[in-house]
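In: Prediction below, plus the sequence it came from.
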Amino acid sequence: MEYLYIKSLHIIFVTTWFAGLFYIIRLFIYYKEADEKDEPARTILRKQYALMSKRLWYIITWPSAVLASLFAAWLLWLQPFWLEAPWMLIKLGFVFLLYAYHWSCHVMYKQIEKGDLKYSAYGLRIWNEVATIILFACVFLVVLKNTLGWVFGVLGIVGVSVVLMLGIKLYKSIRAKNSWDKG
């Protein structure tokens, strides 16, 4: 019974962690796009997006990352044989990549605190999809747990990545066309 409660809490905090990671990049994109506005809108929007980012980052995203990790460690303590399973070792590799992604978002957040986000809105849109790819990989690994299953899952991730990148390019071209029509 204890296992199911811990597993439930782990899933909840993984979900809120990913939600925070998905939304923080959207806020970074909006922050960057505020540069295209005239004053005083630029200053007002940048200040608002910086405040929203701070609240999201420190009230939801960081605590969720820590709690998801604590509950994951607890699950591994309850089920140590998982560390012998190839799928779990690969999943832990993706979790490491997720932490690297999280840290890169923290670096961007710190740039916003200084008022100088060094990435373009387009680059941020692409970067936002990295978390999606990691999420797909982890879910396929946890659910399928076998070699063939996660291989197909990873191939699916590559396919989804290609579709996402094409979607971003299409969005960029539509947006450029619409801004051309307005000007």
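Out: Looks like it arrived, so ask away.

In: So, low pLDDT: which residues of this protein?
Out: Scanning the chain for pLDDT under 70 picks out 146-154, 157, 179-183.

In: give me the number of residues near Leu9?
Out: 17 (other CB atoms under 10 Å). Yep, even glycine has a C-beta here, placed from its N, CA and C like the rest.

In: For it, give me its contacts.
Out: By CB atoms under 8 Å, 6 or more residues apart in numbering, the residues touching Leu9 are Leu67, Phe71.

In: show me the residues around Ile168 that make contact.
Out: By CB under 8 Å, 6+ apart, the residues touching Ile168 are Tyr122, Arg125, Ile126, Glu129.

In: State the helix or strand in which it lies.
Out: Using DSSP states H and E, Ile168 sits in helix 147-182.

In: Wait, Asp35 touches Arg42, no?
Out: Yes: look at Asp35 against Arg42 with CB atoms under 8 Å: they come within range, at 6.4 Å.

In: what residues are up against Met165?
Out: Here Met165 is in contact with Ile126, Glu129 (criterion: CB under 8 Å, 6+ apart).

In: Please tell me how far it sits from Lys145.
Out: 29 Å (CB to CB, to the nearest Å).

In: now Ile6
Out: Ile6 sits at a distance of 19 Å from Lys145 (criterion: CB to CB).

In: Compare neighbour counts for those two and give me the winner.
Out: Ile6 (19 against 15).

In: Identify the residue nearest that one in space, chain neighbours excluded?
Out: Among residues not flanking Ile6 along the chain, Trp74 sits closest, at 5.1 Å (CB to CB, 6 or more residues apart in numbering).

In: check which helix or strand covers the one you found.
Out: Following DSSP H and E, one finds Trp74 within helix 62-78.

In: can you list the residues that contact that helix?
Out: 2-3, 6-7, 9-10, 13-14, 16-17, 19-20, 82-83, 95, 99, 102.

In: Buried residues in the following helix or strand past that helix, which are they?
Out: Following helix 62-78 in sequence order, the next helix or strand is helix 86-113 (DSSP H and E). Under the neighbour-count criterion of 16 or more other CB atoms under 10 Å, helix 86-113 has 87-88, 90-92, 94-95, 97-98, 101-102, 105, 108-109, 112 buried.

In: just stretch 40-49 next, same as before
Out: Going by neighbour count (16+ other CB under 10 Å), the buried part of stretch 40-49 is Leu45, Arg46, Tyr49.

In: Alpha carbons of that stretch, as CSV, please.
Out: This file holds the C-alpha atoms of stretch 40-49, laid out as CSV (Å, rounded to 0.1, in the frame of the first residue of the first chain):
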residue,chain,number,x,y,z
PRO,A,40,5.4,51.6,-22.4
ALA,A,41,4.0,48.2,-23.4
ARG,A,42,7.5,46.6,-23.7
THR,A,43,8.4,47.5,-20.1
ILE,A,44,5.1,46.6,-18.7
LEU,A,45,5.0,43.2,-20.4
ARG,A,46,8.6,42.3,-19.6
LYS,A,47,8.0,43.1,-15.9
GLN,A,48,4.8,41.0,-15.8
TYR,A,49,6.4,38.0,-17.6
